[in-house]
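Q: Mind looking at a prediction? Sequence and model below.
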Amino acid sequence: MKPSRNRNGFTLIEILVALVILSIALLALAGLMVTTTKNNAAGGHLTEAATFAQDTLERLRVSPLSSIPTGVMIQNSCVGSTGVLYTGSWRASVANSSSTLDRISITVNWVDPAKLQPHSINMITTVSQ
């Protein structure tokens, strides 16, 4: 009987080449995961800042309009769930033609802990009696 030349399976070289290709693909995915995590954290900070501004606005909406000081910048701060300090300020202004409250501007500032860059958002709403 003759020895069979038909071999089934993979050689060691083929397996090593496949492992190298797989490891390169996994390294690319690892870099993508780092970027995704950073962007997700930045989105979380933005959401917390917007929630802080919305909370301030809602507290002002339930106050009588006559009790809201105009032309003065009021500051307050809070710490978010990730330990980031959000500093907020708001200012109410009146229309030039009347003495009724016209708009409220809320600004929230924070520093990104990963890049140490300052960020801010500004929300403006109009108020009518």
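A: Great, that's in hand.

Q: Residue 110 touches residue 88, doesn't it?
A: No. Shown here, residue 110 and residue 88 do not form a contact pair, counting by C-beta atoms under 8 Å, at 9.5 Å. For the C-beta atoms, the positions are set from N, CA and C on the backbone; glycine is no exception.

Q: Now do the host helix or strand of residue 59: which elements does it pack against?
A: Assessed by DSSP states H and E, residue 59 sits inside helix 12-61. The helices and strands touching helix 12-61, judged by 3 or more C-beta pairs under 8 Å, 6 or more residues apart in numbering; DSSP states H and E, are strand 85-94, strand 101-111, strand 118-126.

Q: The first one pairs with which strands, parallel or anti?
A: Strand 85-94 has the following strand partners under DSSP bridges: strand 73-79 (antiparallel), strand 101-111 (antiparallel).

Q: Give me the contact list for it.
A: Applying C-beta atoms under 8 Å, 6 or more residues apart in numbering, the set of residues contacting strand 85-94 from outside is 48-49, 52-53, 56-57, 60, 68-80, 100-111, 127.

Q: How far does the helix holding residue 59 sit from its chain's centre?
A: Relative to its parent chain, helix 12-61 has a centroid offset of 12 Å by C-alpha atoms, centre = their mean, to the nearest Å.

Q: That one to strand 118-126, inter-axis angle?
A: 40 degrees (axes from the mean of the first three to the mean of the last three C-alpha atoms, to 10 degrees).

Q: Before I go, just wanted to say thanks for your time.
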